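Asker: Need the 3D shape of this:
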Amino acid sequence: MKFAILGVAVVLTFVALPATAKHVRHGQSIYCATRETGNPYSRLCDYQAWVQWRRQGSWDSRLDNACMSNPHYRPPGCAH
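Answerer: Below is the predicted model:
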């Protein structure tokens, strides 16, 4: 009985994990895939600016729309 309950718990864990993962659209730029909502910087494109933005607790949603309308969007200077 204990093994059956443990088995069900393990199966449910593996079924629930993919549902909680962040989905990246096929063909999405690395900039759009690694940005956080409200932070116009990507940790892979400009780590220092990304960290500074988080420290300040700033919010700027202008570039959120750029990634929503064009998943291939990449700002100037982002080599990825």
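
Asker: Contacts only, for Thr34.
Answerer: The contact partners of Thr34, by Cβ atoms under 8 Å, 6 or more residues apart in numbering, come to 42-45. Yep, even glycine has a C-beta here, placed from its N, CA and C like the rest.

Asker: Tell me where the model's unsure across this structure.
Answerer: Filtered on pLDDT under 70, the chain yields the residue ranges 2-4, 6-26, 79-80.

Asker: where does Arg35 fall, phi/psi-wise?
Answerer: Main-chain dihedrals, Arg35, degrees, to the nearest 10: phi -80, psi 150.

Asker: For the residue lying closest to it once chain neighbours are set aside, give its distance to Pro71.
Answerer: Spatially, and ignoring its direct neighbours in sequence, Arg35 is nearest to Ser42 (5.2 Å; Cβ to Cβ, 6 or more residues apart in numbering). Relative to Pro71, Ser42 is positioned 14 Å away (Cβ to Cβ, to the nearest Å).

Asker: Tell me which of the two has more neighbours.
Answerer: Ser42 (23 against 16; other Cβ atoms under 10 Å).

Asker: Would you mind giving the secondary structure of Met68?
Answerer: Here Met68 is recorded as helix under DSSP: H, G, I helix; E, B strand; the rest coil.
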